[in-house]
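Visitor: Here's my sequence, what's the structure:
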Amino acid sequence: MQLCAVIEDLYMFNEAGDIPARIRAAAAAGLTKVEFHMWNQVDLDAVAAALQETGVQLKSITVGPRVGCVDRSKTDFIVEALERTIVACRRLGATDMVIAGGPALKDASAAEQHDAMVHNLKHLAPVAAAAGMRLLLEPLNTRVDHPGFFMASAIEGLDIVEAVNHPAVRLLYDAYHAEVMGEDHRQILQRAHLIGYVQVADTNGRHEPGTGTIAWATWLADLKAAGYTGDIGLEYRPSNGTLASLQRTREVFGIAGAAA
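Guide: Model (predicted):
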């Protein structure tokens, strides 16, 4: 496992400046992987130059312009957004793209929106696969950060991934979102083979591990026991500066550097 810094606004290395500056700061801190969200709001040439200069790998970006996938009538629009994101991924060297359910529809039932997500992802999966890339489906908590969104449950996310039944679609399991929703970590890990990526933040403010209530030693042991060997994304808001938060995270996870 390797640690991957989320350098989007509000998260890591914001002190450094813009996205290219954050990439350079992450490299200086000993990290080899980063991710951010809104590729269509940055200077792609400047980002590509910073990645090349530092040797840092871009883990993922968000399908954009940011779209949800709960509306069956917007399949063509979502596919087009994915195709545009694939172009950006190729420019920047990323292979993973993140997508969420999106704002819930007022005139559709939960079952209809669930089915629409399966429908849309079945259309998106072969497009991503043909490009040699993956889609990561991310549940987002509705109790604190994303009220009104559809698919707040990692268990439902796993159900959707299972129904899509394509290797190019996997779950993004965010420990913070799942904890806020009161989900059972071990129940989620029963289908760890469907998890493509993991992100972390603690409760009580979405700060770095060790600032809230999650028992990280047990959590990490369970994750490894379930067979997860991928990267761990640090999608948190540093409580006292990025470098101090990174050191605390490494201590909590029992690691000395960038490799877990």
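
Visitor: Please, where are all the helices along the stretch 51-200 of the chain?
Guide: With DSSP state H, counting those that start in this stretch, the ranges of helices along the stretch 51-200 of the chain come out as 75-92, 110-130, 154-164, 175-180, 185-189.

Visitor: Okay, buried residues for stretch 189-204 please.
Guide: Neighbour counts over stretch 189-204 (16 or more other CB atoms under 10 Å) mark Leu189, Arg191, Ala192, Leu194, Ile195, Gly196, Tyr197, Val198, Gln199, Val200, Ala201, Asp202 as buried. (Each C-beta comes from the backbone N, C-alpha and C, glycine too.)

Visitor: May I see these organised as TSV, with pLDDT and distance to Met151 added?
Guide: Listed next are those as TSV, based on pLDDT from 0 to 100; distance: CB to CB, whole Å:
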residue	pLDDT	distance to Met151
Leu189	98	19
Arg191	98	16
Ala192	98	19
Leu194	98	15
Ile195	98	15
Gly196	98	16
Tyr197	98	16
Val198	98	17
Gln199	98	16
Val200	98	20
Ala201	98	19
Asp202	98	22
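
Visitor: if I look at the residue of the chain positioned farthest from its centre, how far off is Ser73?
Guide: Distance to the chain centre peaks in the chain at Asp107, reaching 28.4 Å (criterion: CA atoms, centre = their mean). Per CB to CB, to the nearest Å, Asp107 is found 11 Å from Ser73.

Visitor: still on that earlier bit, closest to Asn240 out of the helices of the stretch 51-200 of the chain?
Guide: When these are compared by CB to CB, helix 175-180 sits nearest Asn240, at 18.1 Å.

Visitor: In a helix, Val34, correct?
Guide: No. Per DSSP: H, G, I helix; E, B strand; the rest coil, Val34 lies outside any helix segment and is strand.

Visitor: In the beta-sheet assignment, what are the partners of it?
Guide: Ala5, Leu58 (DSSP bridges).

Visitor: Quick check, it in contact with Tyr11.
Guide: No. Using CB atoms under 8 Å as the test, Val34 is too far from Tyr11 to be in contact (10.2 Å).

Visitor: intersection of neighbour lists for the two?
Guide: Ala5 (CB atoms under 8 Å, 6 or more residues apart in numbering).

Visitor: Name the residue in those two with the higher neighbour count.
Guide: Neighbours around Val34 and Tyr11, counted as other CB atoms under 10 Å, are more numerous at Val34. The numbers are 30 against 23.

Visitor: That one: what's it in contact with?
Guide: Counting by CB under 8 Å, 6+ apart, the residues that Val34 touches are Cys4, Ala5, Val6, Ile7, Arg22, Ile23, Ala26, Val56, Gln57, Leu58, Lys59.

Visitor: and the gap between it and Leu246?
Guide: 12 Å.

Visitor: Mutual contacts of the two, please.
Guide: In the contact map built from CB under 8 Å, 6+ apart, the residues linked to both Val34 and Leu246 are Ala5.

Visitor: which stretches of the stretch 151-260 of the chain form strands?
Guide: Per DSSP state E, counting those that start in this stretch, the stretch 151-260 of the chain carries strands over the ranges 169-174, 195-200, 232-234.

Visitor: Of all those strands, which one is nearest Ala130?
Guide: Across those, closest to Ala130 is strand 169-174 (CB to CB), at 13.5 Å.

Visitor: picking that back up, which one of the strands of the stretch 151-260 of the chain lies nearest to Ala50?
Guide: Nearest of these (CB to CB): strand 232-234, 18.5 Å.

Visitor: Can you say which of the contacts of Val34 are buried?
Guide: Judged by 16+ other CB under 10 Å, buried ones among the contacts of Val34: Cys4, Ala5, Val6, Ile7, Arg22, Ile23, Ala26, Val56, Gln57, Leu58, Lys59.

Visitor: Lovely, talk soon.
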